[in-house]
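Trainee: no sequence for this one, just the structure:
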Ligand SMILES: NC(=O)c1ccc[n+]([C@@H]2O[C@H](COP(=O)([O-])OP(=O)(O)OC[C@H]3O[C@@H](n4cnc5c(N)ncnc54)[C@H](O)[C@@H]3O)[C@@H](O)[C@H]2O)c1
Ligand SMILES: O=C[C@H](O)CS(=O)(=O)O
């Protein structure tokens, strides 16, 4: 059983219109611990009817919330932020139990998730408009930024808290109301956030969290004319489906989708820094993040040295139950994820790749996979074309900078890319050519609330975080004041 300092944070109910409710038919979905297979809780298996009511509640709550002052919304968001930090240990324990990531990473995600609330508590007060010099003496031109209205959010299992607050915080800061559907694998983190939002003073109906039948709930969200904005984080195929479903009501969309991040190491790189960057960008969350390095392009002059140093470091990563102290890598989310990673490694080996370390299921069994480094990889292998979403680093050798840029851009995705070099000229030359929304240069750590997070091409639309993140939940109104 999950041991919490505040057991009331474990909410096995949906949060609709300020009430904690079950599904209409009483049905539930089991939430299981990926490390043990044990059921942690049962959450409501809601469907279309409950989704309709959640949207109606958000619509009812919109005008009073939109009409609060930015300062009032800011104060409530600030309280929510403070409550998250006050309950960081419990929120992290809930996350590790339902998602599997090591407790230290979970604590880090709670702080990261809370930072979005803190950031937008401040940004709420800076939703400035404009007065534009008029072309006519009898006219004033004013532009205001206004809440877009009722929003919907659908989020993934890999960052069960940060992907929620990265949407809810700007929405509430902008004066919107929102209905959130978390991933079926990790709903408890979202429900705990709703509990704390209620304690912070977020009024009934402003934030609603509904768990259950994804396609039924998503179908209502995307078809509803009341919902003016959909923010989705998840796989590209689902993002494309939701985009199609939103066309009938022309919703504003934010899509944070899949990735295939290149990690380029040039001959003039600091190899130790590149190895540290590789560990940070590849093995976080057992490789289950959208911005994980997915394919390593290493210049011929440093290939062997980088491969050896990386393999030595990866072989030392402690693997185990995320609840245990010192564990750096937990289990994958489920058996399907394990089978996908295993198949990609076996395909690479069948086409000539070699194992520098790892390369098989872990002795712990379950859904653990050994932290892995593959060498002699070519871009003909599936592991270089598909999002691995596991702790596997495939290394491909290249000769020239032009070849590296061509290989790096040879993907329909465009979320994150990384490269290591000590040449300032090469920094600007390569950064300009990479077709990605985010480029890490001499670092593997890119996640922060102050910067615009998002991709191009099949990695999505829009940006989350930064001062740009508020615009995703606002619309511009142009006032032409004549007869002056
Ligand atoms: N770009 C980013 O910021 C980012 C962040 C995290 C994850 N991701 C991507 O998400 C993927 C892994 O996450 P996942 O497995 O949860 O993705 P997923 O697309 O399977 O699920 C994401 C969410 O969509 C819901 N969903 C699935 N089918 C749906 C439907 N037909 N209608 C409505 N909702 C539906 C799921 O219940 C879940 O809540 C990876 O591709 C990863 O790259 C991207
Ligand atoms: O999985 C992708 C998330 O966006 C992770 S993070 O924001 O880069 O931490």
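Mentor: Thanks, I have the structure now. Predicted model only: the values in this text are computed from it and were never measured. Ligands and ions are numbered 1, 2, ... in the order given.
Trainee: Next up, the contacts around the closest residue to ligand 2 within the stretch 351-484 of the chain.
Mentor: Minimum separation of the stretch 351-484 of the chain from ligand 2 (C-beta to the nearest ligand atom) falls at residue 447, amounting to 3.6 Å. Just so you know, the C-beta spots here come from the backbone N, C-alpha and C atoms, and that holds for glycine as well. Shown in contact with residue 447 (C-beta atoms under 8 Å, 6 or more residues apart in numbering): 112, 291, 453.
Trainee: Residue 420 versus the residue positioned nearest the centre of the chain, what's the distance?
Mentor: Computing the C-alpha centroid of the chain and ranking residues by C-alpha atoms, centre = their mean puts residue 163 first, at 4.6 Å. Note on residue 163: its distance to residue 420, by C-beta to C-beta, to the nearest Å, is 28 Å.
Trainee: picking up where we left off before, secondary structure element for the residue of the stretch 351-484 of the chain closest to ligand 2, which one?
Mentor: With elements delineated by DSSP states H and E, residue 447 resides in a region that no helix or strand encompasses.
Trainee: gap between it and residue 294?
Mentor: Using C-beta to C-beta, one obtains 16 Å as the distance from residue 447 to residue 294.
Trainee: If you tally nearby residues, what's the number for residue 21?
Mentor: Burial of residue 21 is recorded as 16 neighbouring residues (other C-beta atoms under 10 Å).
Trainee: Any idea what it is bridged to?
Mentor: Taking DSSP bridges, one obtains residue 14 as the residues bridged to residue 21.
Trainee: Residue 436 contacts residue 456, correct?
Mentor: Yes. Taking contacts as C-beta atoms under 8 Å, residue 436 lies within contact range of residue 456: 6.8 Å.
Trainee: Just to check, residue 153 is in contact with residue 166?
Mentor: No. Counting by C-beta under 8 Å, no contact exists between residue 153 and residue 166, whose distance comes to 9.2 Å.
Trainee: which stretches of the stretch 251-400 of the chain form strands?
Mentor: Assigned by DSSP state E, counting those that start in this stretch, the strands in the stretch 251-400 of the chain fall at 252-256, 261-265, 293-299, 354-357, 372-375, 392-398.
Trainee: okay, the nearest residue to residue 272 once chain neighbours are set aside: pLDDT?
Mentor: In space, and not counting its chain neighbours, residue 272 is closest to residue 309: 7.1 Å by C-beta to C-beta, 6 or more residues apart in numbering. Per-residue confidence at residue 309 stands at 98 (pLDDT).
Trainee: buried stuff in the top helix by length along the chain?
Mentor: Secondary structure assigned by DSSP state H gives helix 103-123 as the longest helix of the chain. With burial defined by 16 or more other C-beta atoms under 10 Å, the residues of helix 103-123 counted as buried are 103, 105-121, 123.
Trainee: How about stretch 340-352?
Mentor: Residues of stretch 340-352 classed as buried by neighbour count (16+ other C-beta under 10 Å): 340-342, 344-345, 348-349.
Trainee: Next: stretch 46-66.
Mentor: In stretch 46-66, the ones that count as buried by 16+ other C-beta under 10 Å are 46-48, 50-51, 53-59, 61-62, 65-66.
Trainee: show me the contacts for the nearest residue to residue 389 once chain neighbours are set aside.
Mentor: On the basis of C-beta to C-beta, 6+ apart, the spatially nearest residue to residue 389 that is not a chain neighbour turns out to be residue 288, at 5.2 Å. Contact criterion C-beta under 8 Å, 6+ apart gives 158, 332-333, 337, 389-390 as the residues in contact with residue 288.
Trainee: Adding distance to ligand 2 and neighbour count, write those residues out as TSV.
Mentor: Conversion of the contacts of residue 288 to TSV gives the following (distance: C-beta to the nearest ligand atom, whole Å; neighbours: other C-beta atoms under 10 Å):
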residue	distance to ligand 2	neighbour count
158	5	26
332	14	27
333	12	25
337	14	21
389	9	24
390	13	25
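Trainee: which one of these is nearest residue 19?
Mentor: Taking C-beta to C-beta as the measure, residue 19 lies nearest residue 158 of those, at 29.3 Å.
Trainee: Would you mind measuring from the closest residue to the closest one other than its chain neighbours to residue 249?
Mentor: Excluding its sequence neighbours, the residue lying closest to residue 158 (C-beta to C-beta, 6+ apart) is residue 288, at 4.8 Å. Taking C-beta to C-beta as the criterion, residue 288 is separated from residue 249 by 32 Å.
Trainee: just to revisit the earlier point, the residue nearest to residue 272 contacts residue 273, doesn't it?
Mentor: No. Shown here, residue 309 and residue 273 do not form a contact pair, counting by C-beta under 8 Å, at 10.8 Å.
Trainee: Run the chain-centre distance for stretch 444-464.
Mentor: Computed by C-alpha atoms, centre = their mean, to the nearest Å, the separation of stretch 444-464 from the middle of its chain amounts to 9 Å.
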